[in-house]
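Asker: Next come a sequence and a model predicted from it.
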Amino acid sequence: MKLSIVTPKGKFYDDVVDYVVIDGDNGQIAIMENHSPLVISVSLGFIKRVIDNTEYFYMVEGAIVEYQNNVVNII
């Protein structure tokens, strides 16, 4: 599955991940390959991306997360 993170300064991350955990406004959600399409908001929280059992964390403020067709877009 592909993860794309775009900030006001441009594309921050754009690569393949195993799964993503997002601290959304309505709680945490893990997104894995072939998950149902969704759109969630993140006022203030974290994003965890996992590649080969290695976890990477990012703090996010004021983001929209969209998932469809095995692509997670965070703007």
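Answerer: Good, I have the coordinates.

Asker: So residue 15 sits against residue 1, correct?
Answerer: No. If you go by Cβ atoms under 8 Å, residue 15 and residue 1 don't touch, sitting 10.4 Å apart. Every C-beta, even on glycine, is put in place using the N, C-alpha and C of the backbone.

Asker: which one of these two has more residues nearby?
Answerer: More crowded of residue 15 and residue 1, by other Cβ atoms under 10 Å: residue 1, with 17 against 10.

Asker: got the contact list for that one?
Answerer: By Cβ atoms under 8 Å, 6 or more residues apart in numbering, the contact list for residue 1 reads 16, 17, 18, 19, 20, 31, 32, 33, 70, 71, 72.

Asker: what about the nearest residue to residue 35 once chain neighbours are set aside, which helix or strand?
Answerer: Leaving aside its chain neighbours, residue 35 sits nearest to residue 67 (6.0 Å; criterion: Cβ to Cβ, 6 or more residues apart in numbering). Using DSSP states H and E, residue 67 falls within strand 54-68.

Asker: how many other residues sit next to the residue lying closest to residue 14 once chain neighbours are set aside?
Answerer: Leaving aside its sequence neighbours, residue 14 sits nearest to residue 4 (Cβ to Cβ, 6+ apart; 4.8 Å). When neighbours are counted by other Cβ under 10 Å, residue 4 registers 15.
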